[in-house]
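**Student:** This is the structure alone, sequence omitted:
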Ligand code: PPS
């Protein structure tokens, strides 16, 4: 018997006819999908046991969301794992697309404790109740080169994102910080600074997750104060590997019609160092020069290969 996939009402018929425009919002490039519901986002009431998963787009959000979901709810009713896509289990706080419930509505309606909530907001735009409630935050960062490549392919296939045009044009845009959610450089360094003063924040790296997922799951458990038996942790580590998540309809985003997998799948490659297949030598040199300038005031360090 085939499992019925639980979607948000309106989701399966959701078709977007044109791509959104980019505009400056609070100094950050945004599209209306992330600003239309701003009053509700800004005034969102976080709870002390909420867990916010914060990332720059394409840094490993879905991966960490699924890990957390399994750590907390993996042993619960099988319907959760078999029929609820990850974007329903972990609402995207600032997302607001006409015809479907907004991220704030979905988060408000979550019956779970803790609530797992996703955001791509730069640190300065996070609703203040998360800080007031001292909620736990898991930030994931990915090296700029792989992040840019992944974001480029995502923008090609996601009709809810601005048209990226060709790779070279896109890369210039990325270096200028004119992507949805603003400059990668400020995002990763802003959150890095926050980690120095806000003790309920763990700063993780996509590269570390690829290198040793089990070790990072353990690190997460200790941050969250979870004691999960080794056997169960191993099972979770296996279930969240790239191939398993790519096959899993609940984690591979194949149920979202705004994405055209004929152009590029959501679970694309899941590698560190894939940038080498797209950057030319000249682009790489230019990128490194820009990187040095933009990152000169931060101590956060990335690996572009492992
Ligand atoms: S989004 O749209 O911002 O929520 O996207 P996000 O989930 O942050 O990032 C998608 C990229 O993460 C890769 N991914 C993984 N890599 C390795 N292992 C696992 N399990 C995994 N899950 C997701 C996904 O393939 C995207 O990266 P690219 O480089 O495009 O393949």
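**Tutor:** Looks like it arrived, so ask away. Quantities reported herein were computed from a predicted structural model and do not represent experimental measurements. Numbering: from 1, shown residues only.
**Student:** for the ligand, what are the nearby residues on the stretch 1-150 of the chain?
**Tutor:** 55, 57, 58, 59, 60, 61, 62, 63, 146, 150 (Cβ under 6 Å from any ligand atom). Using the backbone N, CA and C atoms, a C-beta is placed for each residue, glycine as well.
**Student:** ok, the residue nearest to the second one when sequence neighbours are not counted to residue 212 distance?
**Tutor:** Read that as residue 57. Excluding its sequence neighbours, the residue lying closest to residue 57 (Cβ to Cβ, 6 or more residues apart in numbering) is residue 120, at 5.2 Å. Using Cβ to Cβ, to the nearest Å, residue 120 is found at 26 Å from residue 212.
**Student:** between the two, which one's more packed in?
**Tutor:** Shown here are residue 120 and residue 212; by other Cβ atoms under 10 Å, residue 120 has more neighbours (22 against 13).
**Student:** and the more buried one, what does it touch?
**Tutor:** Contact partners of residue 120, counting by Cβ atoms under 8 Å, 6 or more residues apart in numbering, are 34, 54, 55, 56, 57, 61, 92, 94, 180, 181.
**Student:** And it, what's its pLDDT?
**Tutor:** Residue 120 is assigned a pLDDT of 98 by the prediction.
**Student:** Inside strands: which ones of the contacts of residue 120?
**Tutor:** Judged by DSSP state E, the contacts of residue 120 include 54, 55 as members of strands.
**Student:** from the contacts of residue 120, which ones fall inside helices?
**Tutor:** residue 61 (DSSP state H).
**Student:** check contacts around the residue nearest to the spatial centre of the chain.
**Tutor:** Centroid-nearest residue in the chain: residue 61, 2.9 Å away (criterion: Cα atoms, centre = their mean). By Cβ under 8 Å, 6+ apart, residue 61 lies in contact with 53, 55, 118, 120, 140.
**Student:** cool, residue 162 as well?
**Tutor:** Residues in contact with residue 162, defined by Cβ under 8 Å, 6+ apart, are 19, 20, 21, 22, 31, 155, 180.
**Student:** what's the most distant pair in those residues?
**Tutor:** 21 and 155 (13.6 Å; Cβ to Cβ).
**Student:** So for the residue in the stretch 201-306 of the chain positioned nearest to the ligand, what's the nearest residue that isn't a sequence neighbour?
**Tutor:** The minimum distance from the stretch 201-306 of the chain to the ligand, using Cβ to the nearest ligand atom, falls at residue 270 (2.9 Å). In space, not counting the residues next to it along the chain, residue 270 is nearest to residue 242; the distance is 3.8 Å by Cβ to Cβ, 6+ apart.
**Student:** Distance-wise, check the one you found relative to residue 213.
**Tutor:** 10 Å.
**Student:** Comparing these two, which residue is more hemmed in?
**Tutor:** residue 213 (18 against 15).
**Student:** Please tell me how far the more buried one sits from residue 267.
**Tutor:** Taken as Cβ to Cβ, the span from residue 213 to residue 267 is 15 Å.
**Student:** likewise residue 139?
**Tutor:** 22 Å.
**Student:** Looking at those two, which has the bigger crowd around it?
**Tutor:** residue 139 (25 against 19).
**Student:** Kindly confirm my reading that the more buried one is in a helix.
**Tutor:** No: using DSSP: H, G, I helix; E, B strand; the rest coil, the assignment for residue 139 is strand, not a helix.
**Student:** thinking again about what came up before, ok, of the contacts of residue 61, which one's closest to the ligand?
**Tutor:** residue 55 (5.3 Å).
**Student:** List the beta-bridge partners for the closest one.
**Tutor:** Here residue 55 sits in beta bridges with residue 140, going by DSSP bridges.
**Student:** who touches it in this structure?
**Tutor:** 61, 64, 118, 119, 120, 139, 140, 141.
**Student:** List the buried residues for the lowest-mean-pLDDT helix or strand in the chain?
**Tutor:** Lowest on mean pLDDT, DSSP states H and E among the helices and strands of the chain sits helix 78-83, with a mean of 86. Across helix 78-83, burial judged by 16 or more other Cβ atoms under 10 Å covers 80, 81, 83.
**Student:** my read: the second one touches residue 74, true?
**Tutor:** Yes: Residue 81 lies in contact with residue 74 (Cβ atoms under 8 Å); the separation is 7.2 Å.
**Student:** Quick one: name the residues of the stretch 201-306 of the chain near the ligand.
**Tutor:** Within the stretch 201-306 of the chain, the positions adjacent to the ligand are 210, 240, 241, 242, 245, 267, 268, 269, 270, 274 by Cβ under 6 Å from any ligand atom.
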